[in-house]
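Colleague: Build me a model:
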Amino acid sequence: MLFLPAGCRSPGGDSRRNPELPASGSAASLRPGDTLVITLQGVPDSSNNQVQIDDQGLISLPFIGAVKASEVTTANLSRQIRDTYVAKKIYTTVDVSVSVTERYVYVGGEVGRPGRVIWTSDLTLTKAVQAAGGFSLYAKEKGVNLVRDGRSHVIDAHLALKKPSEDPLLLPGDSLQVPKSAF
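Modeller: As a prediction, the model looks like this:
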């Protein structure tokens, strides 16, 4: 009979795991850095306003000024903007639509083409690295640094390739840094 001490893996099995990442709200929530197009219709001076959410999570709109836009969905922001225009008696009725332009993940370090990668809801760490030209010859693939909400997490990309369940989904604004290997 074969006895394995607690915590050891069984022969042929792989018990390695990448760290659990914080969810950080939902991907549908708006974040600082997101660029929005806000359309006002049903008013005498219909307009399209392209704005970017600043570091404090605010946008600025004509006649009403600063509006908190981070950590809410586009539907909630539309309602909030409409209610503010009506409450301040700027318009009695107004149709507001909010749409998000492209959102990004940032990939740097030892990859073929460091820079921004367009975020999609199915973007994982390995897909983002592939979109950035793949790992360079000197990349430390077992030590990819993922930064989310100011916290750093070390991810083993080799494990993520072998076990898709260990390939973390990325959120808009995430940053990946691929370090150089010592060898």
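
Colleague: and the lengthiest helix in the chain, average pLDDT?
Modeller: Looking across the chain with DSSP state H, the single longest helix is helix 74-87. For helix 74-87, mean pLDDT is 94.

Colleague: starting at the chain centroid, how far to that helix?
Modeller: From the chain centre to the centre of helix 74-87 is a distance of 24 Å (Cα atoms, centre = their mean, to the nearest Å).

Colleague: Stretch 55-71 too?
Modeller: On Cα atoms, centre = their mean, the centre of stretch 55-71 falls 20 Å from that of its chain.

Colleague: Please name every helix or strand in contact with the longest helix of the chain.
Modeller: Using 3 or more Cβ pairs under 8 Å, 6 or more residues apart in numbering; DSSP states H and E, the elements in contact with helix 74-87 are strand 35-41, strand 65-68, strand 95-100. For the C-beta atoms, the positions are set from N, CA and C on the backbone; glycine is no exception.

Colleague: In a markdown table, list those along with distance to residue 169 and mean pLDDT.
Modeller: What follows is the helices and strands packed on helix 74-87, written out as a markdown table (distance: least, Cβ to Cβ, whole Å; pLDDT from 0 to 100):
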| stretch | distance to residue 169 | mean pLDDT |
| --- | --- | --- |
| strand 35-41 | 22 | 92 |
| strand 65-68 | 26 | 95 |
| strand 95-100 | 18 | 91 |
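
Colleague: Switch those strands over to JSON lines; also include mean neighbour count and distance to residue 56.
Modeller: As requested, these are arranged in JSON lines below (neighbours: other Cβ atoms under 10 Å; distance: least, Cβ to Cβ, whole Å):
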{"stretch": "strand 35-41", "mean neighbour count": "16", "distance to residue 56": "15"}
{"stretch": "strand 65-68", "mean neighbour count": "14", "distance to residue 56": "9"}
{"stretch": "strand 95-100", "mean neighbour count": "17", "distance to residue 56": "18"}
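
Colleague: How are the strands of this protein distributed by residue range?
Modeller: Secondary structure of the chain (DSSP state E): strands at 35-41, 47-52, 58-61, 65-68, 95-100, 104-109, 115-118, 144-148, 151-155, 175-178.

Colleague: measure stretch 125-139 end to end?
Modeller: 15 Å (Cα to Cα, to the nearest Å).

Colleague: Equivalent analysis for stretch 114-122, please.
Modeller: First-to-last distance for stretch 114-122 - Cα to Cα - comes to 20 Å.

Colleague: Kindly report the same for stretch 53-71.
Modeller: 11 Å.

Colleague: For that stretch, buried residues please.
Modeller: 53, 57, 59, 61, 67, 69-70 (16 or more other Cβ atoms under 10 Å).

Colleague: Pipe those into TSV and attach distance to residue 96 per row.
Modeller: Listed next are the buried residues of stretch 53-71 as TSV, based on distance: Cβ to Cβ, whole Å:
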residue	distance to residue 96
53	16
57	18
59	12
61	10
67	11
69	12
70	17
